[in-house]
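> please find the sequence and the predicted model below.
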Amino acid sequence: MVSEKVQKKLNEQIQKEFYSAYLYLSMEAYLASRNLNGFANFFRVQAQEERDHAMMFFNYVNKVGGKVELGQIDAPKGDFESLEEVFKMALEHEQFVTKSIYSIVDLAQEEKDHKTNAFVQWFVNEQAEEEETAEYNLRRLQLVGTDGRGILMLDTELAQRVYTPPAGVQQV
């Protein structure tokens, strides 16, 4: 059984992961409305990943005898000034999530909750990858600027992305 403090942090993370999915769906909708279906696909896959991350935390809380408490999810921003703004916001959001994951690690270590610490290490590694991908895409977008050919090239590339669920996640 996890402590109340750890359970609270895990429940907050569930909410943050579901918010992340919601944010990325908002970005997908914006990009699809601009006929940038490859960029939209990228964020659809991001939303799927975040939903599964939320469910991994959800399942973990139940597995360790905790109580899942779902919090309210705020509406994300739905309109953006540019593609660059979308990708800057995605990078900043991933950095925010990373800090949140680190705070769970810190608390688990403080509480000597080795089981939760071990569980969260997967997310530490995942967040390193998420930040790297977000920064990579932002830099590439900044390279092409507003050049339509470059944007369409990136759009075509991002259309190829396919979602692969993490091991152990049951698909609904």
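Ah, there it is.

> how many residues are close by residue 118?
When neighbours are counted by other Cβ atoms under 10 Å, residue 118 registers 10. For every residue, glycine as well, the C-beta is placed using N, CA and C.

> stretch 82-100: how far from the chain's middle?
Stretch 82-100 has its average C-alpha position 9 Å from the chain's average C-alpha position, going by Cα atoms, centre = their mean, to the nearest Å.

> buried residues in that stretch?
83, 86-91, 93-94, 97-98, 100 (16 or more other Cβ atoms under 10 Å).

> and what of stretch 13-25?
For stretch 13-25, a neighbour-count test (16+ other Cβ under 10 Å) marks 13-25 as buried.

> between those, which is nearest residue 133?
If you rank the buried residues of stretch 13-25 by distance to residue 133 using Cβ to Cβ, residue 24 comes first, at 12.5 Å.

> what's the pLDDT at the closest one?
Note on residue 24: pLDDT of 98.

> now swap in the one 3 residues further on and tell me
Listed pLDDT for residue 27 reads 98.

> what's the spacing between the residue most central in space within the chain and residue 146?
In the chain, the residue lying closest to the centroid (Cα atoms, centre = their mean) is residue 50, at 4.4 Å. To residue 146, residue 50 is 29 Å away according to Cβ to Cβ, to the nearest Å.

> coming back round to it: among the buried residues of stretch 82-100, which are located in helices?
Among these, the members found in helices (DSSP state H) are 83, 86-91, 93-94, 97-98, 100.
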